[in-house]
Structure formats: structure tokens, C-alpha cells
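> Return a 3D structure for these sequence lines:
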Amino acid sequence: MPDAHAKSSPGFRLRFSLAVALLAATGLFLQLRSSGVRVPERRPLAMFPAEIQDWSSRTIPIPADIRAVLGPGEFLERLYSGNGSQQPVDLFLAYFPSQKAGDTMHSPKNCLPGGGWTPIASSEVPLAVRGGKSFLVNRYLIAKGLDRMLVFYWFQEQGRPVASEYWAKFFLVAGAIRDDRTDGALIRVATPIGDMETPGIAQQRIVAFAHQILPLLPSYLP
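Alright, predicted model coming up:
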């Protein structure tokens with residue numbers, strides 16, 4: 001976390017002011033564009049495969065109070081097990097057909113502490129896709145008591161994966177101007193870190209699972 005001196009520095013104040021201005025401008029623009037937006041055709045999240053290669057899953061119900069916090073959208077949470085691993089992988093998908101002021105996506109970095117988890121370390125890491133390309137995702141190591149968990153998450157704005165929520169807002173506005181689209185998505189993949197595991201082993205599990213779901217996502221999160 002930034003110390004008091006960093007928070008009082010001109011550079012920090014400038015970045016903070018720019019972030020606030022961007023969020024305010026995004027909210028105003030989306031309020032003006034709240035009608036007449038285009039929602040592309042897609043498959044419902046409930047149809048997302050429950051079995052992927054050697055992974056099988058069970059659906060985790062999302063309580064009504066959490067859905068109320070998430071806002072208008074479609075959500076899916078599944079716990080995948082198998083692939084020779086003793087630890088499961090938790091997949092959470094959120095799709096927002098139309099984002100407007102007050103109804104944009106909530107960042108997991110704000111929700112995780114509310115669930116009692118404490119961030120230990122955070123960074124942005126590349127996640128490779130087919131063809132040798134890669135994109136940045138958020139990597140969080142979190143703890144609750146003696147339990148530890150590794151979390152990857154990223155935003156998807158009209159098919160473009162981004163780690164930064166500020167860049168997500170930028171592409172949201174760009175998509176609204178260019179294509180009359182204000183839809184967006186959030187992908188979160190998490191796994192517990194076993195007693196005999198390191199964060200590196202947990203990361204290998206997340207990356208292996210992510211490679212399986214990445215080709216499937218465009219049909220559900222266009």
C-alpha cells in the first residue's frame with residue numbers, strides 16, 4: 001500500500017484526480033447513453049460446460065443479497081474438481097448486458113476484503129492464449145486465518161480482455177460510441193493453496209484451467 005508521503009506526492013494526486021475524472025465522465029456518458037444500446041447474441045451462462053476436459057463441476061448458488069450488490073446482470077459460479085488435483089478451481093463469470101451510471105462492474109479487489117479475505121500480495125501477470133499472444137490479468141494472493149487462496153481476474157469489454165478497471169471504463173465508452181454497446185464481463189478464477197503447496201503450484205493449476213476455458217468464453221461473453 002502507498003505510504004503517507006506517496007499519497008501526498010504530486011504524482012499520486014494527479015493519478016488519483018485523473019481516475020476520479022475518468023469515473024465521473026464514464027458515469028455521465030453512460031447515463032446519456034442509457035437507451036438505444038445494442039446487446040449482441042450470446043449463449044446463456046447457465047449453458048457454460050459443467051465438464052471441461054478432466055474437470056467436472058457443481059454450481060454454487062449466488063445468494064440474493066450478493067446478486068443485489070452485483071447489480072443487473074447474469075452470473076455463474078462453479079467449483080471445478082479433477083484433472084489430478086486435490087484442490088478445486090472456483091470459476092465466477094459475470095455478464096452485464098447494459099452498463100449505465102451506477103450499474104457498472106464491481107472490482108473483486110473491493111469485494112474480497114468484504115468476505116473476510118486479506119490481500120497479501122497483488123500484481124499483474126501475463127496469461128498466454130493460443131497463437132503465442134498474451135494479455136495481463138490481476139493476480140491476488142489472499143488469506144483468511146490460516147487459509148490462503150490465489151485469485152486471477154480480468155475484465156472483458158466487448159471481447160477485449162483487460163486487467164485495469166480504468167482501461168475497462170475507457171473501452172466501455174469507446175464501444176458505446178463505436179458500436180452502441182455498453183455490455184461487459186468479469187472473469188474470476190480462484191483456487192485454495194493446499195498445506196503442502198506453494199503459490200507457484202496453485203498458479204500452475206489456475207493457468208492450466210484458464211487455458212481450457214479461454215476458447216469457450218467468446219460464445220458466452222462476446
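> For the residue nearest to R38 when sequence neighbours are not counted, grab the count of nearby residues.
With sequence-adjacent residues excluded and distances taken as C-beta to C-beta, 6 or more residues apart in numbering, R38 is closest to D180, at 4.4 Å. C-beta here means a position set from N, CA and C on the backbone, and glycine is covered the same way. Close neighbours of D180, defined as other C-beta atoms under 10 Å, add up to 12.
> And for K133?
9.
> quick one, phi psi at it?
Main-chain torsions, K133, degrees, to the nearest 10: phi -80, psi 170.
> Please apply the same query to the one 4 residues further on.
Comment: the main-chain dihedrals of V137 come out as phi -130, psi 160, following degrees, to the nearest 10.
> try K144
phi -140, psi 110.
> Correct me if wrong: it contacts P119.
No: counting by C-beta atoms under 8 Å, K144 sits too far from P119 to count as a contact (10.9 Å).
> Now for those two: what residues contact both?
Shared contacts of K144 and P119 (C-beta atoms under 8 Å, 6 or more residues apart in numbering): none.
> Helices along this protein, start to end?
4-8, 10-32, 64-70, 108-114, 165-179, 199-213, 217-220 (DSSP state H).
> Which one of those has the poorest average confidence?
Looking at the helices of the chain, the lowest mean pLDDT belongs to helix 4-8 (a mean of 49).
> Provide a list of residues in contact with K144.
G115, G116, W117, T118.
> Swap in 6 Å and give it another go.
Applying C-beta atoms under 6 Å, 6 or more residues apart in numbering to K144 gives the contacts G116, W117.
> Give the bridge partners for it, please.
Judged by DSSP bridges, the bridge partners of K144 are D147.
> Ok, Y140 next?
Taking DSSP bridges, one finds S122, V151 as the beta-bridge partners of Y140.
> From E74, how far out is it?
For Y140, the distance to E74 equals 24 Å [C-beta to C-beta, to the nearest Å].
> more neighbours, the two?
Set Y140 next to E74 and count neighbours by other C-beta under 10 Å: Y140 wins out with 20 against 17.
> The more buried one and S123 touch, don't they?
No: counting by C-beta atoms under 6 Å, Y140 does not reach S123; the two are 8.5 Å apart.
> Please consider this matter closed, and thank you.
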